[in-house]
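Colleague: Here is my input; please provide its structure:
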Amino acid sequence: MIVAKEKRRENIAEYVMYMWHIEDLLRACKLDVDIVFEKVIKDYKADEEKTKEIKEWYTSLIHMMQSEGITESGHLALIKNTVNEINEIHLKLLNKADETVYKQLYLQAKPDIDFFSVKSNIRQGSDIELCFTAMYSYVLLKLSGKEISMPTIESINSFSKMLAVLSAKFKDWEEGRLDLN
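Modeller: Residues are numbered from 1 along each chain as shown. Sure, this is the predicted structure:
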């Protein structure tokens, strides 16, 4: 909860990746808040009030996942909506004449995005959602100790650079420092 709020405020791409991780963590804990408490919450070493607040946050996520029917896979509607909002900013940036840096990063990443879509057999979703999926898959591969090819690492680096700039633009837009009209 504390980390999520910070990431949401500072870097929207990190927030999405973090929340996808939290969804998987909750699934690994069988969507049982008692297991989450034992494996996660008690390690925060927070005071009683903050611990209660953290437990309530995890409990509410569990309830949302159950009510949305994503207990086995999928993402919370609030995170999907965030990805869609990021994609809207992406599309607006592509239509802005003075956004040459972002457009160049996107054009560099686009062949890799298309390749990932074909290779992973993901035919629906935006290019931004595909980038997030690829990056999250990469993290999971690294954590499992799987060997990752240099072309895959290069693709992930191009996605990462693009999402970093997009995240900064998103923050500027949210804070009123970027006009996208």
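
Colleague: Angles on the backbone of G176, please.
Modeller: Torsion angles at G176 (phi, psi; degrees, to the nearest 10) stand at phi 80, psi 10.

Colleague: which strands and helices sit next to the lengthiest helix in the chain?
Modeller: Selection of the longest helix in the chain by residue count, based on DSSP state H, yields helix 150-174. For helix 150-174, the contact count by 3 or more CB pairs under 8 Å, 6 or more residues apart in numbering; DSSP states H and E identifies helix 12-28, helix 77-94, helix 100-120, helix 127-143 as packing neighbours. Placement of C-beta: from N, CA and C, glycine included.

Colleague: give me that answer again for 10 Å
Modeller: helix 2-10, helix 12-28, helix 77-94, helix 100-120, helix 127-143 (3 or more CB pairs under 10 Å, 6 or more residues apart in numbering; DSSP states H and E).

Colleague: Need the ones you listed in a markdown table (columns: distance to H63).
Modeller: Listed next are these as a markdown table, based on distance: least, CB to CB, whole Å:
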| stretch | distance to H63 |
| --- | --- |
| helix 2-10 | 16 |
| helix 12-28 | 11 |
| helix 77-94 | 13 |
| helix 100-120 | 30 |
| helix 127-143 | 23 |
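
Colleague: Go through the ones you listed and name the closest to D47.
Modeller: The stretch from those with the least distance to D47 (CB to CB) is helix 2-10; that distance is 12.5 Å.

Colleague: For the nearest residue to L61 once chain neighbours are set aside, give me the pLDDT.
Modeller: Excluding the flanking residues, the one nearest L61 by CB to CB, 6 or more residues apart in numbering is L26, at 6.2 Å. For L26, the model assigns a pLDDT of 98.

Colleague: now swap in M162 and tell me
Modeller: On the pLDDT scale, M162 is placed at 98.

Colleague: Could you do R123 as well?
Modeller: For R123, the pLDDT comes out at 75.

Colleague: Tell me how far it lies from L130.
Modeller: Taking CB to CB, to the nearest Å as the measure, R123 falls 10 Å from L130.

Colleague: In terms of neighbours, single out the busier of those two.
Modeller: For R123 versus L130, the count of surrounding residues by other CB atoms under 10 Å is larger for L130: 21 against 8.

Colleague: my guess is the more buried one contacts I113, does it?
Modeller: Yes - with contact defined as CB atoms under 10 Å, L130 and I113 form a contacting pair (5.3 Å).

Colleague: so what sits against both of those two?
Modeller: Counting by CB atoms under 10 Å, 6 or more residues apart in numbering, the contacts common to L130 and I113 are F159.
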